[in-house]
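> Just need the structure, nothing else, for what follows:
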Amino acid sequence: MTSNNSNKQNASLAILKRLAIRGSIWVIIGFGISQIMRFGGNVVLTRLLSPEAFGIIGTVTAVLIGLEMFSDVGLRPNIIQSQRGEEPAFIRTAWTIQIIRGIILTIAATAFAWPLAAINNEPSLTTIIPVAGLTAIIAGFNSTWLLVYSRRMVLGKLVILDLVSHSCSLITMMIWAWYYPSVWALVAGIFANRIVKVAASHTVLAGTTMKMQWEPQAASELIRFGKWIFISTALGFLVARLDIFVFGSIAGMGMLGIYLLAKNLSRLTLEPLIRLSSTVLLPMYSKIIEQEPAVLRSQTFKSRAMLLILFLPPLWAMVLWGEQIIEFIYDDRYHEAGWILKVLSAGILSSSIISTITPVLLAMGDSFRNLISTTNRFVLQILGMVIGTYYAGATGFIIGVSMAEFLCYPLLVYLIYPYKVWLPLLDGVAFGSSFIVIWIAFGIN
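Down below sits the predicted model:
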């Protein structure tokens, strides 16, 4: 009997491993293609638009990303880890909540437009943000059946959808910028992306038919799990985008555009790693906890080691040769982004290591500890910005943002320690090798 159970467990883990590998391959291929398209489009658009346009759209995008995060607050991890994650009533209730949040967040974007315009001394934001904010309503109508694909770790269709919607967005931006070079070209591209995605989610990728439904039990579970996710997502948005809102007021829209160029390049490896963590590690950890919790630590080690070996070296290259990369790709107007790329990439090294750990908390259903981790990062980032700006202005601001990432790790270790998945040797090797690279890039000179 024990032998049969062991065989079943091994078979289950083997299936899970195949799904994880297949999903990882899809995510990496999809992200690689999308980054090539984004990079090519970025190079073209920098020829057609001014740095100020990228500074303005950076502020607008920061708002939209916040709206997008809120419109899906807690729903995705809840559907992935809940035993009811594929029941029609549960999915439709989640869809209803998502639509309501999308409407509320569009109203919120309109309310934020004037203060952001005043802070950044950019009157055009009072018009651009409310118009672009309408995309939150569109995103709110995305079928929540898309989240079931993530739950099942069937990621190929989602990757293809992202590539198609991104292609439509990029084509729209370039055509508009060619004929009418202004920031509205970038706004039009965002609309194209959202419209394609919502249309596909209810047609070619449709599963359970969406309709308004409110099941009290499902709503209670979604809200109970999501109350901490809601706050955590809000703080996560600020962690990711607060620097954009603040830096524009310190250095102006032109310098903000240069900063955003460096920031986006520094995140080229972090973004696929975060995507793999949420689309592969989270559902994989959830299934392991449900089926065979005893092997969670060993599976965590294998998954994290593989991802860090794959994603840390490109970041090391940006830390070492950031200035040369910028000078090779962009014209003289953007060359100041070189040293910024080096500094931000150094901080992203810590973010990359941490991003492979945090899915454990949500897989365990511990959204409260996840909130504590995000809150810690938010507080440290504010301190880094304030202290850095006080001592060295805009330069200190950038250095402070980067250093704050490393200070997040100790508390995260404390938070995950009860689940026995802390891997000090693996983390020590990852941080140690990264510190050597940083010392070579900055310390020798």
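> What strand or helix carries the nearest residue to Thr356 once chain neighbours are set aside?
Closest residue to Thr356 apart from its sequence neighbours, by Cβ to Cβ, 6 or more residues apart in numbering: Arg304 at 4.4 Å. To be clear about C-beta, it is placed using only N, CA and C from the backbone, and glycine gets the same treatment. Secondary structure assignment for Arg304, by DSSP states H and E: helix 296-329.
> List the buried residues of that helix.
For helix 296-329, a neighbour-count test (16 or more other Cβ atoms under 10 Å) marks 296-297, 299-300, 303-304, 307-308, 311-312, 315-316, 318-323, 325-326 as buried.
> now do stretch 371-385
For stretch 371-385, a neighbour-count test (16+ other Cβ under 10 Å) marks 371-378, 380-382, 384-385 as buried.
> Filter those residues down to just the ones in helices.
In helices, judged by DSSP state H, the following of these are found: 371-378, 380-382, 384-385.
> Which stretches in the stretch 1-150 of the chain count as strands?
With DSSP state E, counting those that start in this stretch as the criterion, the stretch 1-150 of the chain has no strands.
> low-confidence ranges in it?
1-17, 19-20, 50-51, 64, 66-73 (pLDDT under 70).
> Kindly report the same for the stretch 301-445 of the chain.
For the stretch 301-445 of the chain, the stretches with pLDDT under 70 are 444-445.
> re earlier: name all residues that make contact with the residue nearest to Thr356.
Neighbour list for Arg304: Thr356, Ile357, Leu423, Leu426 [criterion: Cβ atoms under 8 Å, 6 or more residues apart in numbering].
> gap between Ile119 and Asn264?
As judged by Cβ to Cβ, to the nearest Å, Ile119 and Asn264 stand 22 Å apart.
> Please identify which of these two sits among more neighbours.
Asn264 (18 against 14; other Cβ atoms under 10 Å).
> The helix or strand hosting that one packs against which elements?
In the assignment (DSSP H and E), Asn264 maps to helix 253-266. Identification of packing neighbours for helix 253-266 by 3 or more Cβ pairs under 8 Å, 6 or more residues apart in numbering; DSSP states H and E yields helix 2-48, helix 51-71, helix 216-251, helix 296-329, helix 337-355.
> do that again at 6 Å, thanks
helix 51-71, helix 216-251, helix 337-355 (3 or more Cβ pairs under 6 Å, 6 or more residues apart in numbering; DSSP states H and E).
> For Ser165, give its distance to Arg76.
Distance from Ser165 to Arg76, by Cβ to Cβ: 17 Å.
> secondary structure class for Pro181?
Following DSSP: H, G, I helix; E, B strand; the rest coil, the label given to Pro181 is coil.
> need the buried residues of stretch 371-385 in CSV with distance to Gly140, can you?
What follows is those, written out as CSV (distance: Cβ to Cβ, whole Å):
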residue, distance to Gly140
Leu371, 23
Ile372, 28
Ser373, 27
Thr374, 23
Thr375, 26
Asn376, 30
Arg377, 27
Phe378, 25
Leu380, 32
Gln381, 28
Ile382, 30
Gly384, 34
Met385, 31
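> Looking at those, which one is closest to Arg275?
Using Cβ to Cβ, Thr374 is the member of the buried residues of stretch 371-385 that lies nearest Arg275, at 17.8 Å.
> Was I right to think that closest one contacts Gly236?
Yes - contact criterion Cβ atoms under 6 Å: Thr374 and Gly236 qualify, at 5.2 Å.
> how about Met364, phi and psi?
Note on Met364: its backbone torsions stand at phi -80, psi -10 [degrees, to the nearest 10].
> And for the closest residue to it other than its chain neighbours, the neighbour number?
Of all residues not flanking Met364 in the chain, Tyr419 sits nearest, at 6.0 Å (Cβ to Cβ, 6+ apart). Tyr419: 19 surrounding residues under other Cβ under 10 Å.
> how close does Tyr419 get to Phe378?
23 Å.
> for Ser351, same thing?
According to Cβ to Cβ, Ser351 stands 14 Å off from Phe378.
> Can you pull the residues that touch both of those two?
Common contacts of Ser351 and Phe378, defined by Cβ atoms under 6 Å, 6 or more residues apart in numbering, are absent altogether.
> what about the closest residue to Ser303 other than its chain neighbours, distance to Lys157?
Leaving aside its sequence neighbours, Ser303 sits nearest to Leu281 (Cβ to Cβ, 6+ apart; 6.1 Å). With distances taken as Cβ to Cβ, Leu281 is found 20 Å from Lys157.
> out of these two, which sits in the busier spot?
Leu281 (27 against 14).
> Surely that one and Ile357 touch.
No - taking contacts as Cβ under 6 Å, Leu281 lies outside contact range of Ile357: 9.4 Å.
> my guess is Ser165 meets Asn193, correct?
Yes - when contacts are counted by Cβ under 6 Å, Ser165 is listed as touching Asn193 (4.7 Å).
> Specify which residue of these two has the higher count of neighbours.
Counted by other Cβ under 10 Å, Ser165 and Asn193 do not tie: Asn193 has more neighbours, with 23 against 20.
> where's the residue nearest to the more buried one when sequence neighbours are not counted, which helix or strand?
Leaving out its chain neighbours, the residue that sits closest to Asn193 by Cβ to Cβ, 6+ apart is Ser169, at 3.8 Å. Applying DSSP H and E as the criterion places Ser169 in helix 156-179.
> I'd like the average pLDDT over that helix.
The average pLDDT for helix 156-179 rounds to 86.
> Which residues belonging to it are considered buried?
Neighbour count says helix 156-179 has 158-159, 161-163, 165-170, 172-174, 176-177 buried, by 16+ other Cβ under 10 Å.
> after that helix, next one along is what?
helix 184-201.
> Just want the angle from that following helix to helix 156-179.
Direction vectors for helix 184-201 and helix 156-179, defined by axes from the mean of the first three to the mean of the last three Cα atoms, to 10 degrees, enclose an angle of 150 degrees.
> buried residues in helix 184-201?
Result for helix 184-201 [16+ other Cβ under 10 Å]: buried residues 184-198, 200-201.
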